[in-house]
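K.L.:
sequence and predicted structure are below.
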Amino acid sequence: MVIKQQYWPAIALVWRGGLVICCIAAIFMLRHLKNVASFRAVTFILTAFIFANLQGMVLIYKDDYFLHALFDIIIVIAIYFSTLFNVLMSIFLCSLYSLTGFLIIYVSKDIDAYSLFIVGMGYLATNLTGVIISIHEHTLKRRFYYRKECLQNFAADMKNMAFQDPLTKINNRRAFYESFVTYQRMANRFRGSDSDVYFVLADIDYFKKINDEYGHDVGDQVLVCFAHFLKNSIHSTDQVYRFGGEEFLLIFEGYCYQSAIQRTEELIKALNEKPLKLDDLSIAVTASFGLAVLKDSDTDISVVSRADKALYQAKRSGRNRLCTME
């Protein structure tokens, strides 16, 4: 018998039962703690209680058998913190373990049987905890990596949504303002050569008439087709933005003045020769263009303003043409 005869059964069982109940109560309370101060208070009280129980075990257990209490605590903690079970299952397993240990002591009254049981359970619980913690650590790392990838993809999608025109699926005005610094740096690299960065503002002629005659749905299709026409007609190093309404901004990089004019006139010619084909319509569309070169002193607003003035001049001169502005 592990317990000294004078303390068996009332004192020993009450003591053991109180220890197990307090451990289970502390485990249950952990779910309801809402701040660090409460957690520290519960942990301190539980630690003090367990320490007092250990001191009591020294008195009521024979010889050094109070060490069995340490195994009890280790197994209870291992079962709960294994993270394999929820709180209710942990409470059930701890209670089942305590009941089994009590029955072994009460029925067999053999310390060897109890020692074999408690050592086996302690070995199983601690090793199982280590394995499960390692598995969960690996799982948490995979989840963290997956969520990080999802957040990065989500951020990229949000950026694309912010910089993309929802109708034509090309870059919008915000994307241009974001990229303007890049064009300034590129223009600085071209200084001293015949190449420059040119801004060409395009506006569909008589677009309001198209909306009035065919409806806004057809007008939207015209905008989409015109955007695709521009995007497919420029070089891979050039850029196109929907600047607002029926206005589009083209960026020609590394062109000389005559090449920029020639490239724009080729767009005008191609647009005149081939009407835009919609689902069941073929609409002849023309556009006016205004060109301006990016200067050292230019801001994003000033260079677009000069291109807009050139566009306005093209409109006043009869439309379907290119005008330039120094």
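P.N.:
Sure, I can see it.
K.L.:
any idea how far residue 43 lies from residue 158?
P.N.:
Distance of residue 43 to residue 158, given as C-beta to C-beta, to the nearest Å: 42 Å. For glycine as for every other residue, the C-beta is placed from the backbone atoms N, C-alpha and C.
K.L.:
does the residue nearest to the spatial centre of the chain lie in a helix or a strand, and which?
P.N.:
Residue closest to the average C-alpha location in the chain (C-alpha atoms, centre = their mean): residue 151, at 1.3 Å. Assigned by DSSP states H and E, residue 151 belongs to helix 111-163.
K.L.:
the helix or strand just after that helix: how far from the chain's middle?
P.N.:
Heading C-terminal from helix 111-163, the first helix or strand you meet, by DSSP H and E, is strand 171-172. Centre-to-centre, strand 171-172 and its host chain are 23 Å apart (C-alpha atoms, centre = their mean, to the nearest Å).
K.L.:
just stretch 172-179 next, same as before
P.N.:
With C-alpha atoms, centre = their mean, you get 24 Å for stretch 172-179.
K.L.:
let me see the mean pLDDT of it.
P.N.:
What stretch 172-179 shows for mean pLDDT is 92.
K.L.:
buried residues in it?
P.N.:
Residues 172, 173, 175, 176, 179 are the ones in stretch 172-179 that count as buried (16 or more other C-beta atoms under 10 Å).
K.L.:
repeat that for stretch 243-255.
P.N.:
By neighbour count with 16+ other C-beta under 10 Å, stretch 243-255 contains the buried residues 243, 246, 247, 248, 249, 250, 251, 252, 253, 254, 255.
K.L.:
dump those residues to CSV, plus distance to residue 229 and secondary structure.
P.N.:
CSV is the format used below for the buried residues of stretch 243-255 (distance: C-beta to C-beta, whole Å; DSSP: H, G, I helix; E, B strand; the rest coil):
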residue, distance to residue 229, secondary structure
243, 16, strand
246, 13, coil
247, 15, strand
248, 10, strand
249, 15, strand
250, 12, strand
251, 16, strand
252, 16, strand
253, 20, strand
254, 22, strand
255, 20, strand
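K.L.:
state the pair within those that is farthest apart.
P.N.:
Distance extremes for the buried residues of stretch 243-255: the farthest pair is 246 and 254 at 27.8 Å, using C-beta to C-beta.
K.L.:
mind checking pLDDT for residue 86?
P.N.:
64.
K.L.:
repeat for residue 62
P.N.:
If you check residue 62, the pLDDT there is 56.
K.L.:
my guess is residue 325 meets residue 310, correct?
P.N.:
Yes - judged on C-beta atoms under 8 Å, residue 325 makes contact with residue 310 at a distance of 3.7 Å.
K.L.:
got any residues that touch both of those two?
P.N.:
Counting by C-beta atoms under 8 Å, 6 or more residues apart in numbering, the common neighbours of residue 325 and residue 310 are 290, 291, 292.
K.L.:
grab the nearest non-local neighbour of residue 279.
P.N.:
residue 221 (7.4 Å; C-beta to C-beta, 6 or more residues apart in numbering).
K.L.:
quick one, the one helix or strand the one you found maps to and strand 247-255 angle?
P.N.:
Element membership of residue 221 [criterion: DSSP H and E] is helix 216-233. With axes from the mean of the first three to the mean of the last three C-alpha atoms, to 10 degrees as the basis, helix 216-233 and strand 247-255 are set at 0 degrees to each other.
K.L.:
sorry, back to before: same list, the shared contacts of residue 325 and residue 310, but as JSON lines with neighbour count, pLDDT and secondary structure please.
P.N.:
Below are the shared contacts of residue 325 and residue 310 laid out as JSON lines (neighbours: other C-beta atoms under 10 Å; pLDDT from 0 to 100; DSSP: H, G, I helix; E, B strand; the rest coil):
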{"residue": "290", "neighbour count": "27", "pLDDT": "96", "secondary structure": "strand"}
{"residue": "291", "neighbour count": "25", "pLDDT": "97", "secondary structure": "strand"}
{"residue": "292", "neighbour count": "24", "pLDDT": "96", "secondary structure": "strand"}
